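Student: Generate coordinates for the sequence data below:
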Amino acid sequence: MAYKPFALGSASMVAMMLASAVHAQEAPATAPQVAQSDDEAADIVVTGVRASIVGALNVRKQSTQIVDSIVSEDVGKLPDNNVIEALQRVTGIQVTNRTGGEAAGISIRGLPDALTTLNGRNIFTAAGQSFSLQDISANLVNRVDVFKTRSADQIETGLAGQVDVQTRRPFDFDGFAISGLARGIYNEQADTYNPNVALLVSNRWETGIGDIGILVNGSYTRTKYRDQTVTSGALVPFADMNPTAGTGLSAFQRIFPAAKDPITGEYVVAPTLGAWEPGLDRGLSTAAGSTMLVNGVETPYYLSRDAAFSSDLYGKRERPSFNVALQWAPNSSSVYTAEVFYAGFRGDTFNSLQFSFVDYWANPVAPTLYDGTNIVKSRTANSVYGFNSGDYSKSKTDSFVYALNGKWDLGDRGKIIGDIAYQTSTVKSSFIAMRTDRVANSINVDYNAGGGIASYHFDDDSLLNDTSVWNVAQLYDNANRDKGSAITGTLDGYYTWDEGFIRQVKAGIRIDQRKASNAVRTQDRGAPLVATNLAGLGEGAAFTNKDFYQGRADVPTSWTLANGYWLYDNADAVRALYGLPTSDQLSLQKTFDIDESTIAMYLQVDGEVSIFGRPLKLQAGARYVTVDTDYNFFDRYNNGAHTGVSQGSDRWLPSFTARYEIFDNLRLRFNYGETLRRPNFGDINPNYSLTGDLTNVGYGSGSAGTANLAPTHSKNIDVALEWYFERNSAITLTAFRRKIDGLVVPLTIREYIPNNGIEAGATDYFSITRPVNASNGVLKGLELGLTYFPSYLPGPLDGLGFVGSVTVLDSKQNIPLSNSAGEITGQATSSFFGVSDLSYNATLAYDNGPIGARLSYIWRKEFLANNEARLFANPIGVWRNPEKSLDLQLTWNLNDRLGVTFDAVNLTKSKQQTYYKFEDVGGPEQFNLGTTLIARTFALGVRYTFK
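Tutor: Below you'll find the predicted structure:
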């Protein structure tokens, strides 16, 4: 693989001619695109809690691009443990996952793929394209900027925008500084107390060789959490209580799908098998009296759930992290910065799963249906096969960034910035699970007993805790390793003029060499060599939970199963029970390695003219990017057979921004830009990940990547009107549109995969889902933001303010419809995944004397989360109910250096709920799926600062 000489030569010439490079896309000391003038810098000056909120307002006001921010006091004084929790109150940002005792995923204006940068440098986790922002402790952060529009001097990836996390550096302080915090966080659901500690020490000195500064900042957090979920299973068809003669069916018998003739495509006619296809987008008809062909005979059917189950997950998460920065300014015209950043993650989870199939037809009892439908609301099932599964996962992440940066002034009008960075990230994980099973006499289930939560009980719930009735069954044993590294160099610069149309010229080049690899191992076995029950495994092998769901659902509150911690500690002894290879015989098998070279260069010009006596500031630029990628894939199911693929692409990405100051306090912005979303490396890995036929539909399921997956391209338009109507207050209104081509959507094909090694649910046929560039879409919307700190409030009310925003989104994309052969048979339309049409947040803030307080409420409308596996008869889409969180923060400053804090998160004990829906079919009442309790937490802390 060779660099493209034209791109490299041209970029070098541009950089040398201008002897410049603006604010590097890789290492700005401050946020990109924030051009601050003296009058703007003095425009808003406040102290205390207000300073963080109004400071974020200043960032937007001074920026050329549309930027929303969180500044240091905002991160430090809100009830936030990581960057994502801090960002959830930013206009247009929606949290996508709140389980595990924290916010752990965001979307910006409905798009999930934000470019993540640290001090302007692109960062990632292992073989991914982005960094797990929840792994960055809020304690390390100076400021977070969310760029919703892009200019030519910013990295081109991330349709959602860019999230730039800025850490502290020694030259941020005038001299010696020390700051520390200690918080104890109580997780009510897990009944645990968790530490959050941090310490920053910084100093700078004037020496004979110039100013020198060093900063060390470290943080450690630990969270023990508990996630509790009750789920009604997927919908599948059953005979009614009087099946038509000739079908071969008995009353309330489950109707499994008939196979299709490979030549004619017609359904095979056989007793008890129905002419229906699992995984249809709309599912099967739910109208009362609906029929299907069974053994060639029309017969009515019910739709009922295949299972009911509960999950009680215990987790522990630790995050050590630090950053060290050394700065040297030998003179007034140059600054050198060397820094190291480390983010670690240590996690283990033990999921206690209690699962019952509610699909057997022994001694059938007539069910209760929802009125006017064929959908079963409640039923009694006999001879109930069920299993309990003790699932234990352990993971470890280590991510390092090493960087050296230099800045040189060219007189008082220009600057050159050079930066080189090396980063490495590794994720190691393992998983072991043992199932124990039994057949219960009977179970009574109401699939929605109220509020979308199922209710179920067995004829004798006490047997759930009897180790002698649970037979040792399947074992699953997997491990994974992802690695990623990159070395990146940039040269950027600018030159400015005070008069004339052209006010600034910028240019730069960025060269990045990225590597990524993945290796896995999997093994499973259907039963131990010698049959035994859970009691026979010996002391410590069984675990019994208690107080499940804490009285918030009418379900069993306790059951026994294989102890996940014991499984991990005794893994080789457990493997030997099943006759499986032990540690000394196990090794990871590489599935892919990738070597990717990227060269990007840009040229950008800023201009200014006067319109009606008011300044119109213009910025136009173009970015050229070329990418060459070499892939090596190794087929796990074909003795590691190697396939090599090389491909390249290049693209010009224009951008244009106009900012017109209608009045001193009223601004109009326009931006046009183009961005890319590169495929995740895992999405281009064609290796299979397979699961056996665990639901007896005749085939298993699985996924695989698509080697020729192409980047997604977006054309973006933003128009914003901003009114800074008081010294500390503003209203902002932004309209935006994204036209996105080449969206990646899942396409499912039935495949024959022999010699796959699967024993649990053994089969050679699988429904394989792959990502394909088969969709285009449009995302548009409005954002309305308000920051208001009235200046006229008397006495104790002085310092009362409000910050809030509303985001309205409208998204539409085409979704290809396909048959089991993967042939596209039509098109449907759908919302984007993860997009809520409406979301808002509101914060009431107070800052007066030693007391500071904030009460924040966040809400988002229901949204399409993902698609279900194409194995069942329900609508394919999995939607999430509206989500909300009410959080409180209080601060009492004992003096200028010492403060006490109290934080509370999720005061209303909100839940996370899912249901099935596609277009106009489905909903949270009759198609409810799972309900997870979200933890409520309380924290008490103390923080000290001296500088």
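Student: can we go C-alpha only for contacts and neighbour counts from here?
Tutor: Noted.
Student: In PDB, please show the C-alpha coordinates belonging to stretch 626-637.
Tutor: Taking Å, rounded to 0.1, in the frame of the first residue of the first chain, the C-alpha atoms of stretch 626-637 are listed here in PDB:
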ATOM      1  CA  THR A 626      -7.900  10.100   0.700                       C
ATOM      2  CA  VAL A 627      -8.000   6.700   2.400                       C
ATOM      3  CA  ASP A 628      -6.200   3.500   1.500                       C
ATOM      4  CA  THR A 629      -7.100   0.400   3.500                       C
ATOM      5  CA  ASP A 630      -5.700  -3.100   3.500                       C
ATOM      6  CA  TYR A 631      -7.900  -5.800   5.100                       C
ATOM      7  CA  ASN A 632      -6.900  -9.300   6.100                       C
ATOM      8  CA  PHE A 633      -9.700 -11.700   7.100                       C
ATOM      9  CA  PHE A 634      -9.300 -15.200   8.600                       C
ATOM     10  CA  ASP A 635     -12.300 -17.600   8.300                       C
ATOM     11  CA  ARG A 636     -12.800 -19.300  11.700                       C
ATOM     12  CA  TYR A 637     -15.000 -22.000  10.200                       C
END
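Student: What residues of that stretch count as buried?
Tutor: Judged by neighbour count using 16 or more other Cα atoms under 10 Å, the buried positions of stretch 626-637 are 626, 627, 628, 629, 630, 631, 632, 633, 634, 635, 636.
Student: For the stretch 551-700 of the chain, which segments count as helices?
Tutor: The residue ranges that make up the helices of the stretch 551-700 of the chain, judged by DSSP state H, counting those that start in this stretch, are 564-569, 571-578.
Student: if we take the buried residues of stretch 626-637, which one ends up nearest to residue 681?
Tutor: The shortest distance between residue 681 and any of the buried residues of stretch 626-637, using Cα to Cα, involves residue 631 and amounts to 9.5 Å.
Student: Pretty sure that closest one sits against residue 592.
Tutor: Yes. Residue 631 is within contact range of residue 592, at 7.2 Å (criterion: Cα atoms under 8 Å).
Student: Please report the distance of the residue sitting nearest the centre point of the chain from residue 133.
Tutor: Central residue of the chain (Cα atoms, centre = their mean): residue 105, 3.6 Å from the mean position. Taken as Cα to Cα, to the nearest Å, the spacing of residue 105 relative to residue 133 amounts to 8 Å.
Student: Now list whatever residues contact both of these two.
Tutor: A shared contact of residue 105 and residue 133, defined by Cα atoms under 8 Å, 6 or more residues apart in numbering, is any residue touching both; here these are residue 84.
Student: mind checking the SS state of the residue located most distally from the centre of the chain?
Tutor: Of all residues in the chain, the one whose C-alpha sits farthest from the chain's mean C-alpha position, using Cα atoms, centre = their mean, is residue 245 at 51.4 Å. For residue 245, the secondary structure call by DSSP: H, G, I helix; E, B strand; the rest coil comes out as coil.
Student: Show the model's pLDDT score for it.
Tutor: Here, the pLDDT recorded for residue 245 equals 96.
Student: Same check on residue 688?
Tutor: Per-residue confidence for residue 688 comes out at a pLDDT of 87.
Student: Isn't it up against residue 704?
Tutor: Yes. With contact defined as Cα under 8 Å, residue 688 counts as touching residue 704 (4.8 Å).
Student: Tell me what residue 293 is bridged to.
Tutor: residue 298 (DSSP bridges).
Student: Pull the contacting residues for it.
Tutor: Taking Cα under 8 Å, 6+ apart, we find residue 293 in contact with 274, 275, 299.
Student: any idea which of those residues has the most stuff around it?
Tutor: When the contacts of residue 293 are compared by neighbour count (other Cα atoms under 10 Å), residue 274 ends up highest, at 27 neighbours.
Student: Can you tell me the closest non-neighbouring residue to it?
Tutor: The shortest distance from residue 274 to any residue other than its chain neighbours is 4.3 Å, reached at residue 294 (Cα to Cα, 6 or more residues apart in numbering).
Student: what does residue 489 give?
Tutor: residue 420 is the one closest to residue 489 (Cα to Cα, 6+ apart), at 4.4 Å.
Student: do residue 487 as well
Tutor: Ranked by Cα to Cα, 6+ apart and with sequence neighbours excluded, the top spatial neighbour of residue 487 is residue 422, at 4.4 Å.
Student: Quick one: neighbours of residue 622, just the number.
Tutor: Per other Cα under 10 Å, the neighbour tally for residue 622 reads 21.
Student: and it, what is it in contact with?
Tutor: For residue 622, the contacting residues are 152, 602, 603, 604, 652, 653, 654, 655, taking Cα under 8 Å, 6+ apart as the criterion.
Student: between the residues you listed, which is closest to residue 851?
Tutor: Distances from residue 851 to those, taken by Cα to Cα, are shortest for residue 152, at 44.0 Å.
Student: Tell me the pLDDT of residue 25.
Tutor: Residue-level pLDDT assigned to residue 25 equals 36.
Student: Repeat that for residue 81.
Tutor: You'll see residue 81 listed with a pLDDT of 71.
Student: sorry, back to before: can you add pLDDT and distance to residue 901 and give the contacts of residue 293 back as JSON lines?
Tutor: Listed next are those as JSON lines, based on pLDDT from 0 to 100; distance: Cα to Cα, whole Å:
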{"residue": "274", "pLDDT": "97", "distance to residue 901": "63"}
{"residue": "275", "pLDDT": "96", "distance to residue 901": "63"}
{"residue": "299", "pLDDT": "97", "distance to residue 901": "66"}
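Student: Next SSE downstream of the longest strand along the chain?
Tutor: The single longest strand within the chain, with elements called by DSSP state E, is strand 376-410. Moving toward the C-terminus from strand 376-410, the next helix or strand (DSSP states H and E) is strand 414-446.
Student: Thank you kindly, that will do.
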